[in-house]
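>>> turn this into a model:
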Amino acid sequence: MSFFEHPILNSPYTVPAEHWELDTSGRPTDRIIPSRRRSDLISAMPKAKSVKKSGGQQAELGLNEAGLETQEMAYNVTEFVNDLRSQVDSWRALPNPNDWRVTPTTQRLLQHWRAIQQDESQTIRPFFCQLEAVETAIFLAEVAPKMGPRGKRFRTRLEAANAEANPDLFRVAMKLATGAGKTTVMAMLIAWQTLNAVRSPNSKSYSRGFLIVTPGITIRDRLRVLLPNDAENYYMRINLVPTDLMQDMQKAKIVLTNYHAFKLRETLQLAKGTRSALQGHGSQLKTLESEGQMIKRVMPELMGLGKINVINDEAHHCYRERANTETERLKGDERKEAEENAEAARLWISGLEAAKRQIGVQIVYDLSATPFFLAGSGWVEGTLFPWVVSDFSLMDAIECGIVKLPRVPVADNLPSGEVPLYRDLWKEIGKKMPKKARGKTKPNPQSLPIPLKTAIDALYGHYEKTFKLWQQGGVQIPPVFIVVCNNTTNSELLRDYMSGYERENPDGTIEVVHGKCPLFANFSTTDDERLPRPRTVLIDSATLEAGGDIDKSFRDAHADEIEAFRREQAERGSSEDLTDADILREVMNTVGKKDRLGEQVRCVVSVSMLTEGWDANNVTHILGLRAFGTQLICEQVIGRALRRLSYDLDPDTKLFRTEYADIMGIDGLNFSDQPRVAPPQKPRDVIQVRAMSPERDNLEITFPRVQGYVADLPSEKLEVDFSKTEPYVLTPEKVAATVVTMQGIIGESEKLNLDYLKTARLSTIAYNVAKHMIFEKLRDENGAPKMHLLMPAKRIVLQWLKEGHFVCKGDTVPAQLLYRELADEVCDIIFGALIEGPRGDSILRAVLDPYQPEGSTMGVHFNTSVATRYSPRPDRSHLNWIITDSDWEDKLAARIEDHPKVLAYAKNHNLGFEVPYLREGEPHVYRPDFLIRLDAPEPVTLVIEVKGFRGHDAMLKAETMRNKWIPAVNRLDGFGRWGFAELRSAHDFGPDLDTAIEEMLGAVSA
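This next block holds a predicted model:
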């Protein structure tokens, strides 16, 4: 989107001097030139040399052979990623799909994804980073193996990296910053694999079986959108799969699970005494389920499918520990957290290894914003997984504007200290925090250190301003303030200090102590009663995500909140018997979601880390109250605040509007930007566009799904009818500058032009264009050019040139038609004018999609927030909404439905009606604006295109419709008669529309 200048602190990279901005004295500042992305800077750095070893070495030496360094385990992943990115960029730039080296199904998906990426009417379009990640996976699987040694080196490098860390699995990791949309990438990977597997069932390169593993229940439940039969599935909701392919998507077998399910369970529940009695003096009783039983319990749907694909969400939790390594010793909370991470990683990867042994695993796709090794893994903490193939970092996401802009302290009014106090707050107050008292006596919330209280006041004061701005802006949910603590004791203290609490006086009476932050209050200020809906909640993510029940101490600490939300759930009419953990999980998962339990939560106090995948998009403030030892942890916590509230583009700049997240107490990242006005953005209303079935099924419009055209050529001669073709106009805009003035520092100037091409005779030009037509377009079944048609082809090309169908403007010359791209366009136009027999019938025949030859308005079903939409008359349209691109189309829709000869109409938006055509020799698709079914004895459909400005491309589209698509479709059986009309009068479409309808009905009657 847009870039801004930023200093980089704690950077592990050495940035070349030429990329740093200079001050007035010529010395480097702490700013990088904003036009250079961080990835560009990294790619410009000196490349590390790899150490070659002979064969037969250990796996660790294989890393060196693949371009990795073992010294201090500093893997040169960035060099590999940039090398791969360069190859993918070159491949992506190939204009002709025939050169992509992918399957037809993959080609269709890539074209579809790239088309919707450019469609501004989509509610949420795929970001470039999402498409890049999927394209990288496709390139590695389908393209690189066909490139010889140049492509196979990527696979060799990844195999070496996996041999060291995951010897039993082949993993490919994609780094996508929080808020960049990993779920969409998963959906695209699933669609690509599934559709290829269904349409090529004998191929061993694809699978329709997927095991999706998550770090907890929250993400597991949220990823239900990856199930094709889910009501909110991404394939239809954001149009990731064309409608005609959705039937094949239903054949995907997908298992969603959190890694905790891999833990072997007891098959026989025995009390300790009973177990001891049964065991006696013999060997220990084996009552745990076997590996096979676990697989059958967790993923029965995947058994019998052959090799499956695995997708790891938040994959940095999955790794095999590195044995016999010395790493920095950890203490206290950090050691406990590292041990918990290591235990989780062992369980996770062991489950995947079991799946490979029992079922077979083809590939593991790792997705994470932070695919780094964690502390306690045996690897250097914060080291990128060496199997990363796509890198879209947090800094990239911020620079591109697809996430909120985080603001951190950069200066304060303290006389001492280079680093602002609130940048690393825990370092100042950690040892001053109250200690947990023995017995039932709890620490006093009022005894928090003064720097912490001041920090709360400062950050809450800004939150209050934000809250009022959101109210004035009409945003119906409140902004959210997050506090990230290191343990339960401190989290309870912060919750009580900010939202209020009850305390027992010496005389036994209960007194309410109101919190420091009124907007976060859990108690009424008028009668001291607890509010029915808590505004501040305390969440222990690790406890809730494991799937078990919460422990007693945690339940006691949350008893009041649990009971309040249980009452609210009952009032909403839920009859489910929910556990305490279910209630709190529902609250956590629905923060910021309209009409859900967590809708009005304003403050979340978190024990340790908030769960990954927590997708609240209304977080505006974060206060860190724990040690953040690595950049990894900093990115994870900051990521909780970075999801945007609105994805609507500014109509003036066509960029996302700036949204801010203000953060205190989290060091390790630093951002600086010029001040920008950031008013609260109210999300647009999202509507569902669908066919109103069955009540309006009589208004259904069907259409042929044309993939191409074939010519039933006569054996002896070619005849043409150019009466309906438009002039082909050659301009400098089409062929670039034709007159150039050259001038040196001194001396005469020189004017360059194309005069020397003016000597070419029209006959010579016609012969060469005809030869191109014969060799490129007219070949027999054996692939041989039909040379006997060369002279007839030359005759009709010369006729086209001489009859005024070709016009040169702006010093262009006819000889430029010999450019291959222009010759392709001319041949395509002439093909459309070819006729057969005295009646003048077209020789073209349409080739339909073999899988779904017919499309229909019945398949329309998508969500959109587009404000330009028109509500059609219920007796004129099968669809409930007409999505328009301009007020012209609104007026046209009203004019169409009022016409007495119109039976039904539909806007071609996500309808799937596409017309293949050729532009500069490359295949493209054209999507006309409207389909109109007319009142006639036989089915008659008129295709309407609205054009304000009409360029060269519009001419090619119209020529294709009139001279190729319409005649070819009218030769088919079962689709009735079709016609095409362009409406060019921007001020009054009525007369042109009336004329088009009358001509269409007159042609049918005749």
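>>> where in the stretch 401-550 of the chain is pLDDT low?
Within the stretch 401-550 of the chain, the stretches with pLDDT under 70 are 415-418, 436-440, 541-550.
>>> can you tell me the element residue 945 falls in?
strand 940-946 (DSSP states H and E).
>>> ah, wrong one, I meant residue 644
Assigning secondary structure by DSSP H and E places residue 644 outside every helix and strand.
>>> would you agree it is in contact with residue 405?
No: under the criterion of Cβ atoms under 8 Å, residue 644 is not in contact with residue 405, lying 10.1 Å apart. The C-beta positions use only the backbone N, C-alpha and C, and glycine is treated the same way.
>>> counting neighbours, what do you get for the residue nearest to residue 138 when sequence neighbours are not counted?
Closest residue in space to residue 138, ignoring its immediate chain neighbours: residue 106 at 6.0 Å, by Cβ to Cβ, 6 or more residues apart in numbering. By the measure other Cβ atoms under 10 Å, the count of residues near residue 106 is 21.
>>> can you check residue 446 too?
Residue 446 has 13 nearby residues by other Cβ under 10 Å.
>>> hey, what's in contact with both of residue 644 and residue 405?
Taking Cβ atoms under 8 Å, 6 or more residues apart in numbering as the contact rule, residue 644 and residue 405 both touch residue 659.
>>> isn't the residue nearest to residue 138 up against residue 192?
Yes: using Cβ under 8 Å, residue 106 is in contact with residue 192, at 6.3 Å.
>>> residues in contact with the strand holding residue 945?
Under Cβ under 8 Å, 6+ apart, the answer for strand 940-946 is 701, 703, 888-889, 892, 896, 928-934, 957-958, 961, 966, 975-983, 989, 993, 996-997, 1000-1001, 1004.
>>> are any of the residues you listed buried, and which?
701, 703, 888-889, 892, 896, 928-934, 957-958, 961, 966, 975-983, 989, 993, 996-997, 1000-1001, 1004 (16 or more other Cβ atoms under 10 Å).
>>> in the stretch 301-450 of the chain, which spans are helices?
332-358, 394-400, 425-429, 450-472 (DSSP state H, counting those that start in this stretch).
>>> out of the ones you listed, which gets nearest to residue 761?
Proximity to residue 761 (Cβ to Cβ) singles out helix 394-400 among the helices of the stretch 301-450 of the chain, at 53.8 Å.
>>> next one: residue 445 from residue 490, what distance?
10 Å (Cβ to Cβ, to the nearest Å).
>>> for residue 953, same thing?
For residue 953 relative to residue 490 (Cβ to Cβ), the value is 63 Å.
>>> same thing with residue 807?
79 Å.
>>> what about those two, which has more around it?
Ranked by neighbour count (other Cβ under 10 Å), residue 807 and residue 490 place residue 490 first, with 22 against 12.
>>> check which helix or strand the more buried one maps to.
Judged by DSSP H and E, residue 490 forms part of helix 488-499.
>>> send the alpha carbons of that helix over as CSV?
Taking Å, rounded to 0.1, in the frame of the first residue of the first chain, the C-alpha atoms of helix 488-499 are listed here in CSV:
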residue,chain,number,x,y,z
THR,A,488,-2.5,-15.4,37.7
THR,A,489,-1.6,-13.3,40.8
ASN,A,490,-0.6,-10.3,38.8
SER,A,491,-3.5,-10.6,36.3
GLU,A,492,-6.0,-10.7,39.2
LEU,A,493,-4.4,-7.6,40.7
LEU,A,494,-4.6,-5.7,37.4
ARG,A,495,-8.2,-6.8,36.8
ASP,A,496,-9.3,-5.6,40.3
TYR,A,497,-7.3,-2.4,40.2
MET,A,498,-8.8,-1.4,36.8
SER,A,499,-12.4,-2.7,37.1
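>>> helices or strands next to it in the packing?
The elements that helix 488-499 packs onto, with contact taken as 3 or more Cβ pairs under 8 Å, 6 or more residues apart in numbering; DSSP states H and E, are helix 450-472, strand 480-485, strand 536-540, helix 552-557, strand 603-607.
>>> how far does that helix sit from the chain's center?
Between the centre of helix 488-499 and the centre of its chain there are 37 Å (Cα atoms, centre = their mean, to the nearest Å).
>>> and the angle for it with strand 603-607?
Inter-element angle recorded for helix 488-499 and strand 603-607: 170 degrees (by axes from the mean of the first three to the mean of the last three Cα atoms, to 10 degrees).
>>> which elements pack onto the helix or strand following helix 488-499?
Counting by DSSP H and E, the next helix or strand C-terminal to helix 488-499 is strand 501-504. For strand 501-504, the packing partners by 3+ Cβ pairs under 8 Å, 6+ apart come out as strand 510-513.
>>> sweet, I'm off.
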